[in-house]
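**Student:** Next one to model:
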Amino acid sequence: MKELTVLITAAGNVYMPGTIDCIKNNGERPIRVIGADMNDDNSILQMCDACYAVPRGDAPEYVDELLRICRDEHVDIVIPIMSVELENLSARIGDFTKIGTRVSVSDIEPLRIANDKLKLFEYLVKNNLPCAKYHAVSGIEDLRTAAYDLGYGSDKVCVKMTSGSGSRGFRILDANLNRYEMFAHEKPSSCVVTLEDMEMILAGAHVFPDIMLMEYLPGDEYTVDLVASDGAVKCICIRKGLRVDGGIMLDSMVVHDDRIEDMCIQVTESLGLTGNIGYDIRTRADGTPVIMECNPRMTAGVPVFTYAGVKTSKPCSGKRFLGAKLNPE
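**Tutor:** Residues are numbered from 1 along each chain as shown. Got it, this is the predicted structure:
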């Protein structure tokens, strides 16, 4: 098969070695990997065939720099990794198409919904699609009212900024928090706070941020990775978190669950998403799976499927994961 050249962003990220290894050893065709990262780190060259230092993903000059690299390196496919860069790339898909480069990203309108936690939940409710219970919050008083409405006092409640990733802008409100137990037995990075703590945190903001409250889901956690073309899902895999820390699955196993699979396919089809898509799912106490958020990009755990023995040709061919061909052969 013809060799492909793939540009992957955030190539210096800690989980990139596994991702790049799976791209290169895809069992289908030779692939040349170009890394792009904010940091000029020569260690990236140990994994990639070439690497480039680039601006932040939301910088005005970011896309122009990627376009230059794609022209110089004859890149076939761009795989974005960071949420912050997605809308900039989607808005310029036409410029990449002109130079013969495809980008694994959705069109701008569905992307703006999927990439914003509140807009996604509003869309799901409007279209009778499954999601967690939630409240949009516009101020401190609103925060307190919404927290108690979601059961604060007897139940935990989640606070999320509507944009962001990697547990940034996320806290769990717990009225029964024992600070000594936290001090003695938990790492300082714990995200559990009281409602009063959260009010003090938000009081430090110059402008009240875009946040939402969501029901706390105490059950099992899953991540769904899929590839789609205009909403048509071409392949899908599910992993269950066995050990999760800060939203990162440190141990996981590949599973099959029709309920979760059908739910994610339904949302993907409804929004008309394209490219690599990830969903975070968690179950209620009764075992019902609920969508927590969508990451309309390749996620950190995709290599788990390869290492678990999922063959790249059945059901998820390497080129479909890379976006080279999103139609059945």
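
**Student:** what's near enough to touch the spatially closest residue to residue 282 that is not a sequence neighbour?
**Tutor:** The spatial neighbour of residue 282 that comes closest, neighbours along the chain excluded (CB to CB, 6 or more residues apart in numbering), is residue 217 at 3.9 Å. Glycine gets a C-beta too; all of them are placed from N, C-alpha and C. Under the criterion of CB atoms under 8 Å, 6 or more residues apart in numbering, the contact partners of residue 217 comprise 132, 282, 283, 284, 290, 292.

**Student:** residues in contact with the strand or helix carrying the second one?
**Tutor:** Secondary structure assigned from DSSP states H and E places residue 282 in strand 275-283. Contact partners of strand 275-283, identified using CB under 8 Å, 6+ apart, comprise 79, 103-106, 114, 132, 217, 219-228, 247, 260, 263-264, 267-268, 289-299, 302, 321, 323.

**Student:** Keep only those of those residues that are in helices.
**Tutor:** Among these, DSSP state H puts 114, 260, 263, 264, 267, 268, 321 in helices.

**Student:** OK, contacts around the residue lying closest to residue 73 once chain neighbours are set aside?
**Tutor:** With CB to CB, 6+ apart as the measure, residue 34 is the residue that lies nearest to residue 73, at 5.2 Å, once sequence neighbours are left out. Contacts were defined as CB under 8 Å, 6+ apart; by that measure residue 34 touches 5, 6, 7, 8, 48, 49, 50, 51, 52, 69, 73, 75.

**Student:** Equivalent analysis for residue 289, please.
**Tutor:** Residue 289 sits in contact with 130, 222, 257, 259, 260, 263, 281, 282, 283, where contact means CB under 8 Å, 6+ apart.

**Student:** roughly how far apart are it and residue 281?
**Tutor:** Noted for residue 289: a distance of 5 Å to residue 281, by CB to CB, to the nearest Å.

**Student:** cool, and residue 218?
**Tutor:** Taking CB to CB, one finds residue 218 at 14 Å from residue 281.

**Student:** Does residue 110 touch residue 270 like I think?
**Tutor:** No - here residue 110 does not reach residue 270: they are 9.1 Å apart, not a contact under CB atoms under 8 Å.

**Student:** With neighbour numbers in mind, choose between the two.
**Tutor:** The neighbour count for residue 110 versus residue 270, taken as other CB atoms under 10 Å, is higher for residue 110 (20 against 16).

**Student:** can you pull the contacts of the more buried one?
**Tutor:** Shown here is residue 110, whose contacts under the criterion CB under 8 Å, 6+ apart are 271, 272, 273.

**Student:** my guess is the first one meets residue 113, correct?
**Tutor:** Yes - A contact is recorded between residue 271 and residue 113 when judged using CB under 8 Å, the distance being 6.2 Å.

**Student:** Flag the shaky bits of the protein, pLDDT-wise.
**Tutor:** Per-residue confidence for the chain (pLDDT under 70) gives these ranges: 164-167, 245-248, 311-329.

**Student:** rerun at 50
**Tutor:** For the chain, the stretches flagged by pLDDT under 50 are 312-329.

**Student:** ok so, going back, out of residue 218 and residue 281, which sits in the more crowded spot?
**Tutor:** Set side by side, residue 218 and residue 281 show more neighbours around residue 281, with 26 against 11, by other CB under 10 Å.

**Student:** What's the separation between that one and residue 217?
**Tutor:** The spacing between residue 281 and residue 217, counted by CB to CB, is 9 Å.

**Student:** check which helix or strand covers the most far-flung residue of the chain relative to its centre.
**Tutor:** Relative to the average C-alpha location in the chain, and by CA atoms, centre = their mean, no residue lies farther out than residue 180, which sits at 33.6 Å. Assigned by DSSP H and E, residue 180 belongs to helix 179-185.

**Student:** residue contacts, the closest residue to residue 118 other than its chain neighbours?
**Tutor:** Closest residue in space to residue 118, ignoring its immediate chain neighbours: residue 162 at 4.2 Å, by CB to CB, 6+ apart. Remark: with contacts taken as CB under 8 Å, 6+ apart, residue 162 is in contact with 116, 117, 118, 119, 210, 211, 212.

**Student:** Mind doing that once more with 7 Å?
**Tutor:** 116, 117, 118, 210, 211, 212 (CB atoms under 7 Å, 6 or more residues apart in numbering).

**Student:** And for residue 308?
**Tutor:** Contacts for residue 308 (CB under 7 Å, 6+ apart) come out as residue 254.

**Student:** got it, and residue 208?
**Tutor:** Under the criterion of CB under 7 Å, 6+ apart, the contact partners of residue 208 comprise 138, 139, 202.

**Student:** next one: residue 194
**Tutor:** Contacts for residue 194 (CB under 7 Å, 6+ apart) come out as 173, 174, 175, 177.

**Student:** Same list as before, those residues that is, but in CSV and with distance to residue 144 included.
**Tutor:** Shown next, in CSV, are the contacts of residue 194 (distance: CB to CB, whole Å):
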residue, distance to residue 144
173, 10
174, 15
175, 12
177, 16
